[in-house]
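Chemist: Got a sequence here, can you build the structure:
(chains A and B)
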Number of protein chains: 2
Amino acid sequence: MPSRRWGSDVSRLGLHFLLDVAGAPFERLDDLVLVETALVETARAMGSKVLGIHLHRLAPQGISGVVVISESHLTIHTWPERGEAAVDVFTCGDPDRARAAVEALPARLGARGHRLLEVRRGGS
Amino acid sequence: MPSRRWGSDVSRLGLHFLLDVAGAPFERLDDLVLVETALVETARAMGSKVLGIHLHRLAPQGISGVVVISESHLTIHTWPERGEAAVDVFTCGDPDRARAAVEALPARLGARGHRLLEVRRGGS
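Modeler: You can find the predicted model right below:
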């Protein structure tokens, strides 16, 4: 049974990164292996243990799914025909390490642009 | 292979609800069956087809995981010892139907309070 470990400076429940990428090549956003590798490497760079990978292909194109990590999750939905993807990273781990890992993701997907929103969860 | 269907009035990639609930009983937030049922019923109320359920228990308490739906996903992380949970619902389906389903979730978890943030994803 996985345990939940807390980063020392996360005062609330967790930190949630909402990453929207744009201008990425169709081929990359429609490549299940590439997308899976990008998410798993992001999780590793965050120092997270991967508990499960549940990605699937959509018709006629697109990848959708989740990587469950010890502290929370990463999700992705890609729209190859628009060159866009929406990625979420929710973590109770180290915020700086997670942020650095998330910021490396647009380049892995070949994106020309991205928008990153950071939301502290809980503690209302 | 599941297909992606669009709601008629979603101009961007999708609609993302970030729901933080508070004041919920320890027993409910630590009950895997109750949490799974709440998420699956939310998905059904949204008109979404459930493709997979990947929830797990944390030590010493808490539930964490994802329900993969045809249009995207629902995720949850609970902190029974704090009476809190963080829920995400990402959908490309009908926004009003999804909002109504999400707004019914705090009561299902027995929460006394909640905070709901709505973010339109993509289209940057």
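
Chemist: Confirm that A:Glu81 sits in a helix.
Modeler: Yes: assigned with DSSP: H, G, I helix; E, B strand; the rest coil, A:Glu81 falls within a helix.

Chemist: Apart from its chain neighbours, what residue comes closest to it?
Modeler: A:Gln61 (6.1 Å; C-beta to C-beta, 6 or more residues apart in numbering or on different chains). Just so you know, the C-beta spots here come from the backbone N, C-alpha and C atoms, and that holds for glycine as well.

Chemist: now swap in A:Glu103 and tell me
Modeler: In space, A:Glu103 is closest to A:Leu116, 7.2 Å off (C-beta to C-beta, 6+ apart).

Chemist: then the host helix or strand of A:Val119 to PDB, C-alphas only?
Modeler: A:Val119 is part of strand A:113-121 when elements are defined by DSSP states H and E. This file holds the C-alpha atoms of strand A:113-121, laid out as PDB (Å, rounded to 0.1, in the frame of the first residue of the first chain):
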ATOM      1  CA  GLY A 113       4.200  27.600 -26.800                       C
ATOM      2  CA  HIS A 114       2.600  26.800 -23.500                       C
ATOM      3  CA  ARG A 115       0.600  28.200 -20.600                       C
ATOM      4  CA  LEU A 116       1.200  27.100 -17.000                       C
ATOM      5  CA  LEU A 117      -1.300  27.700 -14.200                       C
ATOM      6  CA  GLU A 118      -0.300  26.700 -10.600                       C
ATOM      7  CA  VAL A 119      -3.100  26.100  -8.100                       C
ATOM      8  CA  ARG A 120      -2.600  25.200  -4.400                       C
ATOM      9  CA  ARG A 121      -5.300  22.700  -3.500                       C
END
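
Chemist: Buried ones in that strand, by neighbour count?
Modeler: A:His114, A:Leu116, A:Val119, A:Arg121 (16 or more other C-beta atoms under 10 Å in any protein chain shown).

Chemist: before we move on, what about stretch A:18-35?
Modeler: Residues A:Leu18, A:Leu19, A:Asp20, A:Val21, A:Ala22, A:Ala24, A:Arg28, A:Leu29, A:Asp30, A:Asp31, A:Leu34, A:Val35 are the ones in stretch A:18-35 that count as buried (16+ other C-beta under 10 Å).

Chemist: quick one: which of the residues you listed is nearest to B:Ala85?
Modeler: A:Leu18 (18.5 Å; C-beta to C-beta).

Chemist: Which strands and helices lie in contact with the regular element (helix or strand) spanning the closest one?
Modeler: A:Leu18 is part of strand A:14-22, with elements assigned from DSSP H and E. On a contact count with 3 or more C-beta pairs under 8 Å, 6 or more residues apart in numbering or on different chains; DSSP states H and E, strand A:14-22 meets strand A:84-91, helix A:95-103, helix A:105-108, strand A:113-121, strand B:84-91, strand B:113-121.

Chemist: Done for today, thanks.
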